[in-house]
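> return atomic coordinates for the entry below.
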Amino acid sequence: EVQLVESGGGLVQAGGSLRLSCAASGFTFDDYTIGWFRQAPGKEREGVSSIRASDGNTYYADSVKGRFTISSENAQNTVYLQMNSLKPEDTARYYCNTHTIWRDYWGQGTQVTVSS
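Alright, predicted model coming up:
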């Protein structure tokens, strides 16, 4: 059974940093792309960043480029999202995602709140 468990969220002041973790299990980690999405109240879920575990290829949304860094620890089946220079508009629930051709898999999310 595929499981994704996020952790590391919290309350931080603008300009601060957080590191989110996504612990994955139930699938061959190296074969998949793991992504981070976020959803703020009243807004649609949006893609933030992703990494292809097999070769480390990464993607960043324009809104987080230069501030967020995604990485993977394949031996631990874990993906990290280092978030620096946080802004109030980064406030959202952050979700870890992977997918097959048949379906998406999501974690329960972790809340990030950035105060101004």
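
> for the spatially most central residue of the chain, give me phi and psi.
In the chain, the residue lying closest to the centroid (C-alpha atoms, centre = their mean) is Trp36, at 2.8 Å. With angles defined as degrees, to the nearest 10, Trp36 sits at phi -110, psi 130.

> got the contact list for it?
Shown in contact with Trp36 (C-beta atoms under 8 Å, 6 or more residues apart in numbering): 20, 22, 47-50, 70, 79, 81, 94-97. Quick note: C-beta positions are derived from backbone N, CA and C, even for glycine.

> write the PyMOL selection for whichever of those residues are buried.
To isolate the buried members of the contacts of Trp36 in PyMOL, using 16 or more other C-beta atoms under 10 Å:
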select buried, resi 20+22+48+49+50+70+79+81+94+95+96+97
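
> gap between Thr100 and Phe29?
13 Å (C-beta to C-beta, to the nearest Å).

> okay, those two: which has more neighbours?
Shown here are Thr100 and Phe29; by other C-beta atoms under 10 Å, Phe29 has more neighbours (20 against 11).

> the more buried one reaches Glu73, doesn't it?
No - judged on C-beta atoms under 8 Å, Phe29 makes no contact with Glu73 at a distance of 9.6 Å.

> picking that back up, return the subset of the contacts of Trp36 lying in helices.
Applying DSSP state H to those, no entry is found in helices.

> quick one: which of the contacts of Trp36 is nearest to Thr113?
Tyr94 (10.9 Å; C-beta to C-beta).

> what's the closest non-adjacent residue to that closest one?
Arg38 (4.8 Å; C-beta to C-beta, 6 or more residues apart in numbering).

> Cys22 now?
Closest to Cys22 by C-beta to C-beta, 6+ apart is Cys96, at 3.5 Å.

> hang on, isn't that neighbour packed against Tyr32?
No - look at Cys96 against Tyr32 with C-beta under 8 Å: they stay out of range, at 11.5 Å.

> still on that earlier bit, could you export the contacts of Trp36 as a markdown table, including distance to Thr58?
Shown next, in a markdown table, are these (distance: C-beta to C-beta, whole Å):
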| residue | distance to Thr58 |
| --- | --- |
| Leu20 | 15 |
| Cys22 | 14 |
| Gly47 | 12 |
| Val48 | 11 |
| Ser49 | 7 |
| Ser50 | 7 |
| Ile70 | 6 |
| Val79 | 11 |
| Leu81 | 11 |
| Tyr94 | 16 |
| Tyr95 | 18 |
| Cys96 | 15 |
| Asn97 | 15 |
